[in-house]
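A.B. asks: Coordinates for the following, if possible.
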Amino acid sequence: MKKAKIYKPSKTATQSGLKKFDKWIIEYITNDPTINPLMGWESSNDTFSELKMEFSSKELAIEYAKKNKIEYELIEPQKRKIVKKSYSDNFIK
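C.D. replies: As a prediction, this is how the structure comes out:
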């Protein structure tokens, strides 16, 4: 069976909110991307590479993968390190 990765997407540098980043995603891993000779774009004969499924929790995503006999790799999100500073800290150092 195909191998998939289960991950929680991280926010981009241009976004400040975390509203849309509470879902877990299953995405199939493609081993053989090829170059389209006509346009030069990356493409694949594997239609699973186009599939992304969203789940509301990590447990639901893992349960789906086990139920459908999908070999998966779990990628845990990194914790954000928040440093609290006051406005006056900008002028002290």
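A.B. asks: For Glu71, which non-adjacent residue is closest in space?
C.D. replies: Computed as Cβ to Cβ, 6 or more residues apart in numbering, the closest residue to Glu71 that is not its neighbour in sequence is Lys3, at 4.7 Å. Backbone N, C-alpha and C define where each C-beta goes, glycine included.
A.B. asks: Repeat that for Ile29.
C.D. replies: Lys3 (5.0 Å).
A.B. asks: now swap in Ile26 and tell me
C.D. replies: Met53 (4.7 Å).
A.B. asks: still on that earlier bit, and the residue nearest to Ile29, how many neighbours does it have?
C.D. replies: 13 (other Cβ atoms under 10 Å).
A.B. asks: Report all helices and strands that the helix or strand containing Leu74 contacts.
C.D. replies: Assigned by DSSP states H and E, Leu74 belongs to strand 71-75. Judged by 3 or more Cβ pairs under 8 Å, 6 or more residues apart in numbering; DSSP states H and E, the packing partners of strand 71-75 are strand 3-7, helix 58-67.
A.B. asks: Columns distance to Lys79 on top of the ones you listed, output as TSV?
C.D. replies: Compiled in TSV, the helices and strands packed on strand 71-75 are given as follows (distance: least, Cβ to Cβ, whole Å):
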stretch	distance to Lys79
strand 3-7	15
helix 58-67	15
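A.B. asks: Which among these is found nearest to Leu38?
C.D. replies: Among the helices and strands packed on strand 71-75, the nearest to Leu38 by Cβ to Cβ is strand 3-7 (29.3 Å).
A.B. asks: Helix 58-67 and the closest one, what's the angle between them?
C.D. replies: 170 degrees (axes from the mean of the first three to the mean of the last three Cα atoms, to 10 degrees).
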